[in-house]
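Q: pasted the sequence and its predicted model underneath.
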Amino acid sequence: MRLTIAGTFLAVCITVCVTGCSLVVRDPGAMLDRGSASTSGTISRAEALDDLDALMRTLQHVHPDPYRFRSREVVQDVRRRLVDNMPASLGRNDLCLRLSELLASLDDGHTSMACDRLVLDDWQRAAKASPPRTQRLRMFPPYMRLDDQQHLIVGWPNDAPGVERGDRLLRVNGHEVDELLAAWTREWSHDTAAGRLAALASGFRVKLALHGIDAPYHVIVAAPGGLSRDVTIQGEPVNYLWQERPKPPPTPVRSSAVGGRPMADGASVVAKSVELKTSFFNYRLLEPGIAYMDFFTLLGGAFPGRSFRKAVDEMFRRIASDRPRTLIIDIRENGGGDDWIATELFRHITEKPFRLLASTQVKRSEEARAVGTSMIRIPFRWFQLQYLFAEGRQYYRGEVGSLAPPLERPVQRHERAEPFFAGPVCMLTGPYTFSAAVEFAEAAKTYGLATIVGEATGGQPNSFGNPMVFPLPHGGLAATIATARSVRANGNTTDFNSVIPDVNVRTSAEDIQRGRDPGLERAKNCPPRSQP
């Protein structure tokens, strides 16, 4: 359900041809490139207001239910405030953040302004222009995350001097961090408050740059239960978003060894299984009897179904060889993708009937039709490929401005896939779990396919999808707006909750400091399933 229209037309390409599909369908990334712009330059108030009007008009035309969570009056109040406070001129990043506030007021994580892209495009240009040793554009090094108190915690310092894992970030360049997060939540689209904060934490370095908080970073941090410390972080070259950081000196080792291998001080030697790495997930035997799948995306290029099936089949062959008692599927960092391909994984662990969604429904609009048609190269538009599949017909047939009839998805039994795993399965979820990954977790919980462990998902299943990219006329910006809505697997149209874990486990700052993963540790004791 969370496919972009580009993904939809790639499905057509797969149907129509086996090779040479790039001749038919344009690169989906080209859609995003139209919205790529530097943060340099300014735009006038009149042009900014024209972009605001175009955004509001497009939103009302293409979104299936823009006022589901916030009334029209609330959204109009945000718009009026933006108009009243629009300056005589402003930069593109400032304009993007202001327009983002309008879309964020909808509480729809699939409808947003890609403001981060402005910074990342600038950083990538700088990285191509200058190597790390001469790079003048620098970013905040530590990777940040939230603890169980919703505090911003250093998850990994990335060699920032004076900063340690588990430190809470209190101030940066004179700004109270809690106040920054509270202010920035108004600019960030998401389904839930927890998901919004988690996204802000993971993209904290980019948010600092968007708001003009640049290196050097004068910060105040505090370890769990410790006193606050003043630290100055010079920042690191932006190149390290795209290339590997220099490796630190090797850890000194004792001359004694276990099994012929040197052992670092304080470390225990554990035999490491060969890891299976794919574009969707990584798999390894975590310890004897515990198989671990780090399932980080449901996106996979032009042939996601075929690629995912091949990867999953290989994983379960490994599982059959490893013979674990428990399988842990970790989707805590999975931002979604193509929901339908997840069926291939379930076929290896259950023979129960299930569905990932109850139904999907699209909004018909001239704008969505134009974006969809633009994805097909000109000679092939004459063949009207968009009519060859059900979802395409929903967009292109029927009155503009209407909702297409819902496409129902039946609860059905799928053919068992071999090798089959009948043991306990635990699925780890959290606030970074979003979009199609939420539907995957929802199906697992609704039909008893796995035990859900961890925290509630950041996204919620009665949500929106099929986001399309719509350029705005003046600012060189583009909005991503949902064009479809879905009903969660259990069919309850009024339940807007996230997927709630069967076993709730949260991570404290002290856990982060000590490198503990309480959710993963709890999942190792996964209970048996009543019926695979």
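A: That came through, no problem.
Q: how about low-confidence regions in the stretch 351-500 of the chain?
A: 376-390 (pLDDT under 70).
Q: rerun that using 90 as the cut-off
A: Within the stretch 351-500 of the chain, the segments meeting pLDDT under 90 span 369-397, 474-476.
Q: can you map out the strands along it?
A: 357-362, 407-408, 425-429, 451-454, 464-465, 468-471, 478-481, 484-488 (DSSP state E, counting those that start in this stretch).
Q: element containing the nearest residue to Gly300 once chain neighbours are set aside, please.
A: Nearest residue to Gly300, sequence neighbours excluded (CB to CB, 6 or more residues apart in numbering): Ser307, at 4.8 Å. Every C-beta, even on glycine, is put in place using the N, C-alpha and C of the backbone. Secondary structure assigned from DSSP states H and E places Ser307 in helix 304-322.
Q: packing partners for that helix?
A: strand 276-277, strand 281-287, strand 290-295, helix 343-346 (3 or more CB pairs under 8 Å, 6 or more residues apart in numbering; DSSP states H and E).
Q: please redo it, this time with the cut-off set to 10 Å
A: Applying 3 or more CB pairs under 10 Å, 6 or more residues apart in numbering; DSSP states H and E, one finds that helix 304-322 makes contact with helix 5-16, strand 276-277, strand 281-287, strand 290-295, strand 326-330, helix 343-346.
Q: so Phe69 sits against Asp191, correct?
A: Yes: Phe69 lies in contact with Asp191 (CB atoms under 10 Å); the separation is 8.9 Å.
Q: show me where the stretch 101-250 of the chain has its strands.
A: For the stretch 101-250 of the chain, applying DSSP E, counting those that start in this stretch gives strands covering 112-113, 138-139, 143-146, 152-156, 168-172, 175-176, 217-222, 228-233, 236-237.
Q: return the most buried member of the ones you listed.
A: strand 112-113 (a mean of 24; mean count of other CB atoms under 10 Å).
Q: that strand packs against which elements?
A: Helices and strands touching strand 112-113, by 3+ CB pairs under 10 Å, 6+ apart, are helix 92-104, strand 478-481.
Q: in CSV, list these along with mean neighbour count and distance to Gly423.
A: Below are these laid out as CSV (neighbours: other CB atoms under 10 Å; distance: least, CB to CB, whole Å):
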stretch, mean neighbour count, distance to Gly423
helix 92-104, 24, 43
strand 478-481, 24, 40
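Q: which one, of those, ends up nearest to Gly226?
A: Smallest distance to Gly226 across those (CB to CB): 34.4 Å, for helix 92-104.
Q: what about that closest one, distance to the chain center?
A: 20 Å (CA atoms, centre = their mean, to the nearest Å).
Q: pLDDT of it, averaged?
A: When pLDDT is averaged along helix 92-104, the result is 96.
Q: any idea which helix or strand carries the residue positioned nearest the centre of the chain?
A: By CA atoms, centre = their mean, the chain has its centre lying nearest to Gly335, at 2.8 Å. Gly335 is part of no helix or strand, with elements assigned from DSSP H and E.
Q: which residues sit in contact with it?
A: 2, 109, 199, 202, 296-299, 432-438, 458-459 (CB atoms under 10 Å, 6 or more residues apart in numbering).
Q: 7 Å - rerun?
A: When contacts are counted by CB atoms under 7 Å, 6 or more residues apart in numbering, Gly335 touches 297, 434-435, 437.
Q: over to Ile341?
A: 298, 304-305, 308.
Q: please repeat the previous calculation with a cut-off of 10 Å.
A: Here Ile341 is in contact with 280, 298-300, 304-309, 312, 356, 436, 440 (criterion: CB under 10 Å, 6+ apart).
Q: and for Arg325?
A: Residues in contact with Arg325 (CB under 10 Å, 6+ apart) are 288-291, 423-424, 524, 526, 528.
Q: Gln513 - nearest residue in space that isn't next to it in sequence?
A: Gly166 is the one closest to Gln513 (CB to CB, 6+ apart), at 2.4 Å.
Q: thought the one you found was touching Pro142?
A: No: Gly166 lies out of contact with Pro142 (CB under 10 Å); the separation is 11.1 Å.
Q: compare the two (neighbour count), which wins?
A: With neighbours defined as other CB atoms under 10 Å, Gly166 and Pro142 compare such that Pro142 has more, 26 against 22.
Q: mind pulling up the phi and psi values for the more buried one?
A: phi -60, psi 140 (degrees, to the nearest 10).
Q: quick one: it from Val221, how far?
A: 9 Å (CB to CB, to the nearest Å).
Q: got any residues that touch both of these two?
A: Joint contacts of Pro142 and Val221 (CB under 10 Å, 6+ apart) are 152-154, 157, 160, 163-164, 167, 169, 233.
Q: okay if I get those as TSV plus distance to Ala114 and pLDDT?
A: Compiled in TSV, the shared contacts of Pro142 and Val221 are given as follows (distance: CB to CB, whole Å; pLDDT from 0 to 100):
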residue	distance to Ala114	pLDDT
Leu152	23	98
Ile153	26	98
Val154	26	98
Pro157	28	96
Ala160	27	95
Val163	29	97
Glu164	33	97
Asp167	30	98
Leu169	25	98
Ile233	27	97
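Q: what's the farthest-apart pair in these?
A: Ile153 and Ile233 (15.7 Å).
Q: can you get me the start-to-end distance on stretch 449-465?
A: Stretch 449-465 has an end-to-end distance of 24 Å (criterion: CA to CA, to the nearest Å).
Q: how far off centre is it?
A: Offset of stretch 449-465 from its chain centre (CA atoms, centre = their mean): 13 Å.
Q: just stretch 63-79 next, same as before
A: Distance, centroid of stretch 63-79 to centroid of chain: 24 Å (CA atoms, centre = their mean).
Q: list the buried residues for it?
A: For stretch 63-79, burial by neighbour count (16 or more other CB atoms under 10 Å) applies to 63-64, 66, 68, 70, 75, 78-79.
Q: between these, which sits nearest Tyr240?
A: Using CB to CB, those come closest to Tyr240 at Val78, 36.7 Å.
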